[in-house]
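Undergrad: need coordinates for the following:
(one chain, ligands or ions: 1)
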Amino acid sequence: MADVILKAEHLKIGFFSERHSLFEKRKRNEVLKDLSFTMEKGEVLGLVGESGCGKSTLAKVILGLLKPDSGTVIVSGNRPQMVFQDPYGSLNPAKKIGWIMEEPLRIQRKLPGKERRQKVLEMLKKVGLDEKIADRYPNQISGGQRQRVCIGEALMTNPGLLVADEAVSALDVTIQAQILELLEQLKEEMGLSILFISHDMRVVYQLCDRVMIMKDGTIVESGDVDTVYFSPQHEYTKELLEAAGIGEDEA
Ligand SMILES: Nc1ncnc2c1ncn2[C@@H]1O[C@H](COP(=O)(O)OP(=O)(O)OP(=O)(O)O)[C@@H](O)[C@H]1O
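TA: Now for the predicted structure:
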């Protein structure tokens, strides 16, 4: 059996609703409902589902940013890292790209400055950027370049798992295709595993090996992309495919 990079078992988490008056009882909203899945090393796993179904909450639990009420997540290797939708919002506008990309290594305190800088230059190359970008500020590079920087920054500590939460959604179609190509390449070159969260069924088909369909805090269907897209079993999967204009006649 292939190596498992992530094992999530029986995850449950809920939030209390806001109270609008002193006498109103706070309702508990269950967001992840006994959710279990595994990911293999080097796999790109898509996670799709409508807004509010709990995708980002699951991502935060995997990254250790939220503690589940019950259940466990085991990730092998270095701490997983995340790439977000808005590459501009994730980069400190007051710092140069080189400084930003060095930061995860600075926090680790394992390498001297010169070696950190060298690693940044190597990573810039890996994500398809010119070394000169290290001396620019985030507002001096394009949106696509910024997303490459975010991916590079996330990979500086050599995580086995990258969680990409709507990482290409804000980019225009051409740039989107280039970033998808980069992720594919990093998967091949580094054996990187990617949990790719998206609402875009077409993009998921393009990039992912497997897909999980999420609805109201549970996984209603999962499998390799060809099987799920061309022989969907669950009504909700069929709805999502239809809404994306992916019909059975495309099979
Ligand atoms: N910290 C929190 N406190 C209270 N409710 C929360 C919190 N985080 C998330 N929620 C609620 O949990 C539900 C799931 O949110 P989540 O962000 O995981 O959905 P999502 O599937 O990622 O949606 P989208 O695709 O719009 O990003 C939503 O109803 C949201 O309002």
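Undergrad: flag every residue of the stretch 51-200 of the chain that's near the ligand.
TA: The stretch 51-200 of the chain comes close to the ligand at residues Ser51, Gly52, Cys53, Gly54, Lys55, Ser56, Thr57, His199, as judged by Cβ under 6 Å from any ligand atom. (C-beta placed from N, C-alpha, C; glycine too.)
Undergrad: pull the most distant pair out of those residues.
TA: Spanning the widest gap among these are Thr57 and His199, at 15.0 Å by Cβ to Cβ.
Undergrad: ok, the residue sitting nearest the centre point of the chain to Cys208 distance?
TA: With distances taken as Cα atoms, centre = their mean, Ala164 lies nearest the centre of the chain, 1.7 Å away. Per Cβ to Cβ, to the nearest Å, Ala164 is found 11 Å from Cys208.
Undergrad: what's the overlap in contacts for the two?
TA: Residues touching both Ala164 and Cys208 (Cβ atoms under 8 Å, 6 or more residues apart in numbering): Phe196.
Undergrad: whatever residue of the stretch 101-250 of the chain ends up closest to the ligand and Val149, how far apart?
TA: Residue of the stretch 101-250 of the chain nearest the ligand, by Cβ to the nearest ligand atom: His199 (5.9 Å). Distance, His199 to Val149, by Cβ to Cβ: 24 Å.
Undergrad: between these two, who's got more neighbours?
TA: Set His199 next to Val149 and count neighbours by other Cβ atoms under 10 Å: Val149 wins out with 26 against 18.
Undergrad: at which residues are the strands of the protein located?
TA: 4-16, 28-40, 44-48, 70-75, 81-83, 161-165, 193-197, 210-215, 218-224 (DSSP state E).
Undergrad: ok, the fifth one: who's next to it in the sheet?
TA: When pairing is defined by DSSP bridges, strand 81-83 lines up against strand 161-165 (parallel).
Undergrad: restrict the strand it pairs with to CA atoms and write it as CSV.
TA: Extracted as CSV, the C-alpha positions of strand 161-165 are listed here (Å, rounded to 0.1, in the frame of the first residue of the first chain):
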residue,chain,number,x,y,z
LEU,A,161,1.3,18.3,2.4
LEU,A,162,0.1,21.6,1.0
VAL,A,163,-3.4,22.7,1.6
ALA,A,164,-4.6,25.0,-1.2
ASP,A,165,-7.8,26.8,-0.3
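Undergrad: run through who's touching that strand.
TA: The contact list for strand 161-165, computed with Cβ under 8 Å, 6+ apart, reads 5-6, 39, 55-56, 59, 62-63, 75, 77, 80-85, 151, 154-155, 183, 186, 192-197.
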